[in-house]
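Enquirer: I'd like to go over a predicted model; first the sequence, then the structure.
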Amino acid sequence: MSGFDQARSAGAVSGEPEPSPAKSPRRLFVKSYGCQMNVYDARKMADVLAPEGYAETALLEEADLVILNTCHIRERATEKVFSELGKLRALKAARAEAGRETKIVVAGCVAQAEGEEIFRRQKAVDIVVGPQNYHRLPELLRRAKTSRAVLETEFPAESKFDHLAAPGPSEIRKRGVSAFVTVQEGCDKFCTFCVVPYTRGAEASRPVEGIAAEVAMLAAGGVREVTLIGQNVNAYHGETRDGATTSLAGLTSRLAQVSGIARIRYTTSHPGDMDASLIKAHRDQPCLMPFLHLPVQSGSDKILAAMNRRYKRSDYLALIAEIRAARPDIALSSDFITGFPGETEEDFGATLDLIEKVEFANAFSFKYSARPGTPAAELQNQIPEAVKLERLLRLQAILDRQRLSFNRKMAGRKLDVLIEKPGRHAGQIAGKSPYLQPVQMEGSLDRIGDIVRVEIVSSCGNSLFGRLLPDRPAREALR
């Protein structure tokens, strides 16, 4: 039984009171880099450490335990970690002079990839732990009392999800009305530019009922929208209650039955795993939001082959057409890499042409960054940085134009908006459209957690501005 199942059976979902916190908790500061899964992992680290007497703080200076939850996708992110460690060394020394101990933990994908090298480069680090082992943090901290450097980067035989503590309802309420839930980890695709298979391991999916128990717990704490995350989330193949397996479409159908959950999203997907059942789910499941992040990376068949993406440009375009036929109002997002080794101006032009053909509502774009140990890093025909940057700027100009055009087209439309927090100014509230756009409007804070009907008046940059329509009750009835 997983930690989430245990908590549910013990009454956490039913709203039983939580244990009183210690009078003088130790302070925990967690800083995450990179993907949404790291955001989720950071939450789970805090949950694991709460029973050990650690309470989260937003003030680094008062932290007894500092965790850097790291990302290894780009070189710049890795160097940021070592820069941050230099500052933490000074903080640790200053606190030691004042008679206060600080432990420093490097977790996540940099920890997995660099291992002992982290201790060599920064001796102030106490623990290095990979993303598959953070459930063992209490044990590692005990080991760190007698050992200067504790390393844990082996891929364990058991699933970490079977050992994770569950947050109490009050902690969930503090985190807001939207939440990430990891359903799948790892990747078997081995794209030549990517370190994920080496840092996160092979694809593995959580059982359906364990996920459903976590989502029910979140809903009991006020969560209304969940985003299912995984390195390759649409490859999900989790075990069902009867011992069979189901796809991501089957999982979303199960989670749609959880009382209080009104919206479901998922990210990040691979085009090769976008099957017919998932496309049909976008047509038939009202809870599944009409927004899909489907990374393509390049519009050139030559570059796609060099990346080992396992599809062609024509395959991607045909897939987009099929998805839009099933759900005409769907908005699309993607990832792009410029300057992959061997990319010619003609190859880059094919990418720009694909962008013009698809018309994305949003996208993320990056210069190619060689990661040690990946096949692409060993290729001879590397692209000069100046060329990579120039192409990136051209590509981003088109993507920005498309994003602004998509947002401008919202003016005059009436959208359902999930209210999440106070707005930028007094008297305002802010929420999220079905298309993941931030929406600002005038309204009362007691609407947080509601899904309200909003007429969009205008857009500016990434945000929409709307007018709350009066024809919907103050609180939408939950199923």
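Expert: Thanks, I have it. Numbering: from 1, shown residues only.

Enquirer: Could you name the helices and strands sitting against the host helix or strand of residue 336?
Expert: Assigned by DSSP states H and E, residue 336 belongs to strand 331-338. Using 3 or more Cβ pairs under 8 Å, 6 or more residues apart in numbering; DSSP states H and E, the elements in contact with strand 331-338 are strand 291-293, helix 345-358, strand 362-367, helix 385-408. The C-beta positions use only the backbone N, C-alpha and C, and glycine is treated the same way.

Enquirer: Neighbouring strands - and their directions - for the shortest one?
Expert: Using DSSP bridges, the strands paired with strand 291-293 in its sheet are strand 331-338 (parallel).

Enquirer: Could I get the buried residue list for the strand it pairs with?
Expert: 331-334, 336-338 (16 or more other Cβ atoms under 10 Å).

Enquirer: Can you convert those residues into TSV and add a column each for pLDDT and distance to residue 208?
Expert: Formatted as TSV, the buried residues of strand 331-338 follow (pLDDT from 0 to 100; distance: Cβ to Cβ, whole Å):
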residue	pLDDT	distance to residue 208
331	98	28
332	98	27
333	98	26
334	98	28
336	98	33
337	98	34
338	98	39
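
Enquirer: Going by distance to residue 452, which of those residues wins?
Expert: The shortest approach to residue 452 among those belongs to residue 331, at 20.0 Å (Cβ to Cβ).

Enquirer: which residues of the stretch 1-150 of the chain fall in strands?
Expert: Assigned by DSSP state E, counting those that start in this stretch, the strands in the stretch 1-150 of the chain fall at 26-32, 54-56, 65-70, 103-108, 127-129, 150-152.

Enquirer: Please work out which residues outside the first one touch it.
Expert: Which is strand 26-32. 38-39, 41-42, 45-46, 49, 52-60, 62-69, 84, 108 (Cβ atoms under 8 Å, 6 or more residues apart in numbering).

Enquirer: can you check the second one too?
Expert: Under the contact criterion Cβ under 8 Å, 6+ apart, strand 54-56 has outside partners 21, 25-30, 46, 64-65.

Enquirer: In ChimeraX, how would I select the buried members of those?
Expert: To isolate the buried ones among these in ChimeraX, judged by 16+ other Cβ under 10 Å, type:
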select :26,27,28,29,30,46,64,65
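
Enquirer: and which of the contacts of strand 54-56 is nearest residue 112?
Expert: Checking the contacts of strand 54-56 against residue 112 with Cβ to Cβ, the nearest one is residue 30 at 17.2 Å.

Enquirer: What's the separation between the closest one and residue 336?
Expert: Residue 30 sits 30 Å away from residue 336, going by Cβ to Cβ, to the nearest Å.

Enquirer: next one: residue 325
Expert: Taking Cβ to Cβ, one finds residue 325 at 24 Å from residue 336.

Enquirer: Next: residue 280.
Expert: 28 Å.

Enquirer: Please apply the same query to residue 93.
Expert: For residue 93, the distance to residue 336 - Cβ to Cβ - is 43 Å.

Enquirer: Could you list the low-pLDDT ranges of the stretch 101-250 of the chain?
Expert: 155-166, 168-170 (pLDDT under 70).

Enquirer: can you give me the helices for it?
Expert: Using DSSP state H, counting those that start in this stretch, the helices of the stretch 101-250 of the chain run over 109-114, 116-121, 137-144, 169-175, 196-199, 208-220, 248-255.

Enquirer: pLDDT on stretch 265-281, on average?
Expert: The average pLDDT for stretch 265-281 rounds to 97.

Enquirer: go on, stretch 439-450?
Expert: Computed over stretch 439-450, the average pLDDT equals 95.

Enquirer: With stretch 380-387 instead?
Expert: If you average the pLDDT over stretch 380-387, you get 96.

Enquirer: With only the CA atoms kept, save it in CSV.
Expert: What follows is stretch 380-387, C-alpha atoms only, in CSV (Å, rounded to 0.1, in the frame of the first residue of the first chain):
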residue,chain,number,x,y,z
GLN,A,380,31.5,16.7,-35.0
ASN,A,381,29.3,19.2,-36.8
GLN,A,382,28.4,21.4,-33.8
ILE,A,383,26.8,24.8,-34.7
PRO,A,384,28.5,28.0,-33.5
GLU,A,385,26.8,29.7,-30.6
ALA,A,386,26.2,32.9,-32.6
VAL,A,387,24.3,30.9,-35.2
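
Enquirer: Name the surrounding residues that touch that stretch.
Expert: 339-343, 367-368, 370.

Enquirer: Select, from the residues you listed, the two members most distant in space.
Expert: Greatest spacing in the contacts of stretch 380-387, by Cβ to Cβ: 342 and 367 (14.8 Å).

Enquirer: Would you tell me which one of the helices and strands packed on strand 331-338 is buried the most?
Expert: strand 291-293 (a mean of 22; mean count of other Cβ atoms under 10 Å).

Enquirer: who's in contact with the nearest residue to residue 310 once chain neighbours are set aside?
Expert: Leaving out its chain neighbours, the residue that sits closest to residue 310 by Cβ to Cβ, 6 or more residues apart in numbering is residue 272, at 5.3 Å. Counting by Cβ under 8 Å, 6+ apart, residue 272 makes contact with 189, 309-311.

Enquirer: ok, 10 Å please
Expert: For residue 272, the contact set (Cβ atoms under 10 Å, 6 or more residues apart in numbering) comprises 189, 232, 234-235, 309-311, 315-316, 319.

Enquirer: would it count as being in a strand?
Expert: No. Assigned with DSSP: H, G, I helix; E, B strand; the rest coil, residue 272 falls outside any strand and is helix.

Enquirer: ok, it to residue 293 distance?
Expert: 15 Å.
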